[in-house]
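Asks: Using only what follows, build the 3D model:
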Amino acid sequence: MQQYNDNNNQNKKMLNQSLESDKSIDPEKERQRQLIERQKSIEESIHLNVKDHMIKLDHHLLELNKDLENSKKDMSNLRMEVITLKNNHQTSHDDLSTFIFNETARLQLDLKKRTQDMLNDFEFYDAQLKTLKEDKQKLDDVAEKLDKRIISQCI
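Replies: Okay, here's the model as predicted:
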């Protein structure tokens, strides 16, 4: 019996060391380790008298209830985080949509303004070209009259 207890204790130590190294890695493994410890403790309590066994079972039941409450709190916190993330995502989406809509409207107005400016410039340059052509025609007419006068005076 002593040898059984020694081997059992040695196995527990090795298991605990293995589980402790895992504990720093993953909280879920820590929960599993605790469950294994509870299960082993319950198995060991089978060898106890009924009163001690009941006390130990009550103790394990309290631990399980605490773990359940902690899990419920974790779930509640995770739900709140999900809701917060959804709200933040929706707000970001709305802000981005509003920005894109406003930027599109601004660009459309800018395009209309530039188009109108180009049309006004075209009309202005067209009117200047027409005036210059008329002035050229008048100068050509005056030059022709002067040529005729010069030719008529020379004869």
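Asks: alpha carbons only for contacts and neighbour counts from here, please
Replies: Fine.
Asks: just for this structure, where's the confidence low?
Replies: Across the chain, residues meeting the criterion (pLDDT under 70) sit at 1-25, 42, 45-46, 48.
Asks: could you pull out the helices for it?
Replies: With DSSP state H as the criterion, the chain has helices at 2-23, 27-45, 50-154.
Asks: is it possible to export the ones you listed to TSV including mean neighbour count?
Replies: TSV is the format used below for the helices of the chain (neighbours: other CA atoms under 10 Å):
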stretch	mean neighbour count
helix 2-23	12
helix 27-45	15
helix 50-154	12
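Asks: Quick check: the residue nearest to the spatial centre of the chain vs residue 96, distance?
Replies: Geometric centre of the chain, nearest residue: residue 89, 6.7 Å, by CA atoms, centre = their mean. Applying CA to CA, to the nearest Å, the value for residue 89 to residue 96 is 10 Å.
Asks: Same question for residue 110.
Replies: With CA to CA as the criterion, residue 110 and residue 96 are 21 Å apart.
Asks: And residue 114, by the same measure?
Replies: Between residue 114 and residue 96 the distance, using CA to CA, works out to 26 Å.
Asks: do the same with residue 153
Replies: Using CA to CA, we find residue 153 at a distance of 84 Å from residue 96.
Asks: swap in residue 66?
Replies: According to CA to CA, residue 66 stands 44 Å off from residue 96.
Asks: One more: residue 51?
Replies: In this view, residue 51 and residue 96 are 67 Å apart by CA to CA.
Asks: Kindly report the same for residue 119.
Replies: When CA to CA is applied, the distance between residue 119 and residue 96 equals 34 Å.
Asks: Residue 61 too?
Replies: Using CA to CA, which is the criterion applied here, residue 61 is 52 Å from residue 96.
Asks: cool, and residue 80?
Replies: When CA to CA is applied, the distance between residue 80 and residue 96 equals 24 Å.
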